[in-house]
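Engineer: my questions concern the predicted model and sequence given below.
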Amino acid sequence: MKALRILIVLIAAILAIALVLYLKPKPAEGGLKVTISADKPEYWSGQIVNMTVTILNNGPNPITIEFASSQRYDFIILKNNNEIWRWSADKAFAQVIGSVTLQPGEKQSYFETWKTTQVGTYTLIGIITSKPKYEAKTSFKVNP
């Protein structure tokens, strides 16, 4: 009886691993390109940064991007390699699996804003929160 239980547990574990490996998204074929931009390279303290993250299918075939929740993108701002702001930090997302299919040449862009508060050089990271995730980085400066 004990051997049967062990066998059942082993079979269940093997099936679970196989299912995870089967459902794991594979890297996109044909090329997805992610870009990030701020509307200006320099700002004055107190100005608004308009940011855009874009994902483009620059391949010859449609590409489906899989998501583990309703979140599709995120923005992170770093100063001296320390995270000082994350768009999603105060957000909640439905835990539902979803997908977006991009046709060849098609792109999807997401926009957000952030108000500058301190002088310095910042790194802006734009993330497409798919599985696997895609990200791009740029920088901007805030003057006094």
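Structural biologist: On my side now, so go ahead. Numbering: from 1, shown residues only.
Engineer: tell me where the chain has helices.
Structural biologist: With DSSP state H as the criterion, the chain has helices at 2-23.
Engineer: in it, where is pLDDT below threshold?
Structural biologist: 4, 7, 9-30 (pLDDT under 70).
Engineer: ends of stretch 117-137, what's the gap?
Structural biologist: Stretch 117-137 has its terminal residues 20 Å apart, counting by CA to CA, to the nearest Å.
Engineer: residues contacting that stretch, please?
Structural biologist: Applying CB atoms under 8 Å, 6 or more residues apart in numbering, the external contacts of stretch 117-137 come out as 24-25, 27, 32, 34-36, 38, 45-46, 49, 51-53, 55, 65-69, 71-81, 84, 110, 138-144. To be clear about C-beta, it is placed using only N, CA and C from the backbone, and glycine gets the same treatment.
Engineer: over to stretch 75-84?
Structural biologist: Residues contacting stretch 75-84 (CB under 8 Å, 6+ apart): 51, 53, 85-87, 112, 114, 118, 120-127.
Engineer: and that stretch, end to end?
Structural biologist: 11 Å.
Engineer: same question, stretch 37-57
Structural biologist: OK, stretch 37-57 end separation, CA to CA: 18 Å.
Engineer: what segments of the protein are strands?
Structural biologist: 32-38, 42-44, 48-57, 63-67, 73-79, 82-86, 98-102, 107-115, 120-128, 134-143 (DSSP state E).
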